[in-house]
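In: requesting a structural model of the entry that follows:
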Amino acid sequence: MTNVNGKVAVITGAGSGIGRALAYDLARRGARLAISDVDATGLAESVKQVRVIGAAVHHTCLDVTDRTAVLAYADEVASHYGAVNIVVNNAGIAFTGDIEKMSFEQIERVIDVDFWGVVNGTKAFLPHLIASGDGHVVNVSSLFGLLAVPGQSAYNAAKFAVRGFTESLRQEMLVAGHNVHVTCVHPGGIKTAIARNAGAVEGEDAARLAAFFDARLAKTTPESAAKSILRSVIGNRPRAVVGLDAKVLDLVVRVLGPGYQRLQVLGMKRIMPSTRSVPVTAPGTPSEKSAGARANA
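Out: Residues are numbered from 1 along each chain as shown. I've put the predicted structure just below:
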């Protein structure tokens, strides 16, 4: 896929952040859109913005953990446009807490949205992408799908799983000879509402966490992230590492191997005195507005 003009692009978690930026950039390039989010207000604003530039847009409030709804949505979009070419599984949530303090339900919630949401979207749309003869799956993992961070065990687990699932899918498409390309996206700290909407275990200060993330970690704009992702789609690249922070830390992990974990611990200890109630949260996931609602970026 070297040109998205006229292609049908599906984006989950499109009500804000990277999802909205992708919708706008794809619309500007002439793509026809099918966008969804659990946040009706944010979704309506995204629809308004892409319609200003004359894009065709199909929009639906969608909970990506509702497999029956996702399967029906895929058929609905394919019927509406006659084809599906690009699917961006972008919806996700963040949650901070040490393993000993997190409940099973809290862990399951993150896995349900951040991993199973990707699986549901991929499985539902894959037959349509294969049928198109020119398909592309874009699954959003995270920098935290490349390295682990204390306090982010559930998020790390989900995003590492997305990475493995997506890389396996890419190989399967090549083995089968299907003209479906696959890209796994690993954003670093993106200036979205992910931290402000994140959950946390009891005793963690979610507001201070969000302030720390926004001030210290979120360095890349959603617009810049969207451009980087689309360059990878058009270039049919297997991986998109988004943001200087993600690229640097990816290199560190490649060079040090498991030894990066000791370096990570030393770094965390340096910031813990001032941020213990503000644990480092997960960069790189686009938004859906609340953990309760996502159970979308």
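In: quick one: average confidence on stretch 112-124?
Out: Averaging pLDDT along stretch 112-124 yields 98.
In: please renumber so the chain begins at 34
Out: Sure, I'll start counting at 34 from here, so that last one is stretch 145-157.
In: buried stuff in stretch 102-110?
Out: A102, V103, Y106, A107, V110 (16 or more other C-beta atoms under 10 Å). C-betas here are computed from N, CA, C, even on glycine.
In: in TSV, list those residues along with pLDDT.
Out: Formatted as TSV, the buried residues of stretch 102-110 follow (pLDDT from 0 to 100):
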residue	pLDDT
A102	98
V103	98
Y106	98
A107	98
V110	98
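In: in TSV, list these along with distance to V90 and secondary structure.
Out: Converted to TSV, those look like this (distance: C-beta to C-beta, whole Å; DSSP: H, G, I helix; E, B strand; the rest coil):
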residue	distance to V90	secondary structure
A102	19	helix
V103	19	helix
Y106	14	helix
A107	17	helix
V110	11	helix
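In: list just the nearest of those to G48.
Out: Within those, proximity to G48 (C-beta to C-beta) peaks at Y106, which comes in at 15.2 Å.
In: verify the contact between that closest one and C94 for me.
Out: No - with contact defined as C-beta atoms under 8 Å, Y106 does not count as touching C94 (10.2 Å).
In: shared neighbours, these two?
Out: Common neighbours of Y106 and C94 are listed as S69 (criterion: C-beta atoms under 8 Å, 6 or more residues apart in numbering).
In: so which residues of the stretch 34-183 of the chain form strands?
Out: For the stretch 34-183 of the chain, applying DSSP state E, counting those that start in this stretch gives strands covering 41-44, 65-70, 90-94, 119-122, 128-129, 168-173.
In: ok so, going back, pick the one among the buried residues of stretch 102-110 closest to W149.
Out: Distances from W149 to the buried residues of stretch 102-110, taken as C-beta to C-beta, are shortest for V103 (9.8 Å).
In: how far away is the nearest residue to that closest one once chain neighbours are set aside from V110?
Out: Closest residue to V103 apart from its sequence neighbours, by C-beta to C-beta, 6 or more residues apart in numbering: N153 at 4.4 Å. Distance from N153 to V110, counting by C-beta to C-beta, to the nearest Å: 14 Å.
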